[in-house]
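J.: Sequence first, then the predicted structure, then my questions.
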Amino acid sequence: MQKSTAILSVIFLILAVVAASFLLGGTLSARLVVNFAGAEEHPEAFRSIRSILASGAAPQPVRTASAPAAAAAAGAANNAELINVLELANRLKDETVAEAKKKAEEILSEADSQARQRLGNLAEERERLQGQVDAMKKTAADYRSRFAELVKAQQEALDKIKEL
């Protein structure tokens with residue numbers, strides 16, 4: 001119920017804008033972005049609206065007694081205009097979805113590329129740090145070895161002093 005109310009509200013808004021534009025003698029040019037479900041997701045609703053518009057059962061403009069034939073022609077023209085607007089809205093929705101998917105793929109591709117580059121940089125940094133750790137271990141082992149030799153030499157010197 002809410003979706004059909006929203007669809008009818010959008011259609012009414014579009015009609016009001018078109019009517020106001022033509023009454024003021026202007027032309028209508030605008031980009032319409034539709035953010036609700038399209039005909040593919042609700043084909044029965046779209047078919048129902050089209051059949052109502054095509055059958056002339058949709059609300060018609062108020063007719064004056066002086067121009068009933070002109071009013072009937074205007075009502076048919078309005079129905080055709082509504083069908084065109086619905087089809088345009090559906091096409092724009094499809095284009096918007098396609099653009100969004102393309103942009104999402106670009107963003108994911110860029111994120112993937114950045115992640116791979118970052119992982120490569122981190123691997124290089126890990127190798128560099130591993131090399132530093134290995135060098136430090138070697139230095140520590142050398143230091144312990146020289147310290148042990150120094151302690152041994154000092155012990156031997158003390159033993160010689162005791163012998164004297």
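T.: Structure received.
J.: ok, Leu108 to Gln114 distance?
T.: According to Cβ to Cβ, to the nearest Å, Leu108 and Gln114 sit 11 Å apart. Any C-beta I mention is one placed from the backbone N, CA and C, and that applies to glycine too.
J.: Output the contacting helices and strands for the helix or strand where Ser109 lies.
T.: According to DSSP states H and E, Ser109 maps onto helix 68-163. In this structure, helix 68-163 makes packing contacts with helix 2-23, helix 43-55, judged by 3 or more Cβ pairs under 8 Å, 6 or more residues apart in numbering; DSSP states H and E.
J.: Just the CA atoms from stretch 84-104 would do, formatted as CSV, please.
T.: Taking Å, rounded to 0.1, in the frame of the first residue of the first chain, the C-alpha atoms of stretch 84-104 are listed here in CSV:
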residue,chain,number,x,y,z
ASN,A,84,6.2,8.1,-21.4
VAL,A,85,7.2,9.6,-18.0
LEU,A,86,6.9,6.1,-16.4
GLU,A,87,9.1,4.6,-19.1
LEU,A,88,11.6,7.4,-18.8
ALA,A,89,11.7,7.0,-15.0
ASN,A,90,12.3,3.3,-15.5
ARG,A,91,15.1,3.9,-18.0
LEU,A,92,16.7,6.5,-15.7
LYS,A,93,16.5,4.0,-12.8
ASP,A,94,18.2,1.3,-14.9
GLU,A,95,20.9,3.8,-15.9
THR,A,96,21.4,4.9,-12.3
VAL,A,97,21.7,1.3,-11.2
ALA,A,98,24.2,0.5,-14.0
GLU,A,99,26.2,3.6,-13.1
ALA,A,100,26.2,2.7,-9.4
LYS,A,101,27.4,-0.9,-10.2
LYS,A,102,30.1,0.5,-12.4
LYS,A,103,31.3,2.9,-9.7
ALA,A,104,31.2,0.1,-7.1
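J.: could you give the mean pLDDT of it?
T.: The average pLDDT within stretch 84-104 is 90.
J.: buried residues in that stretch?
T.: Residues Val85, Leu86, Ala89, Lys93, Thr96 are the ones in stretch 84-104 that count as buried (16 or more other Cβ atoms under 10 Å).
J.: want to try TSV for those, with distance to Tyr143 as columns?
T.: Converted to TSV, these look like this (distance: Cβ to Cβ, whole Å):
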residue	distance to Tyr143
Val85	84
Leu86	83
Ala89	79
Lys93	73
Thr96	69
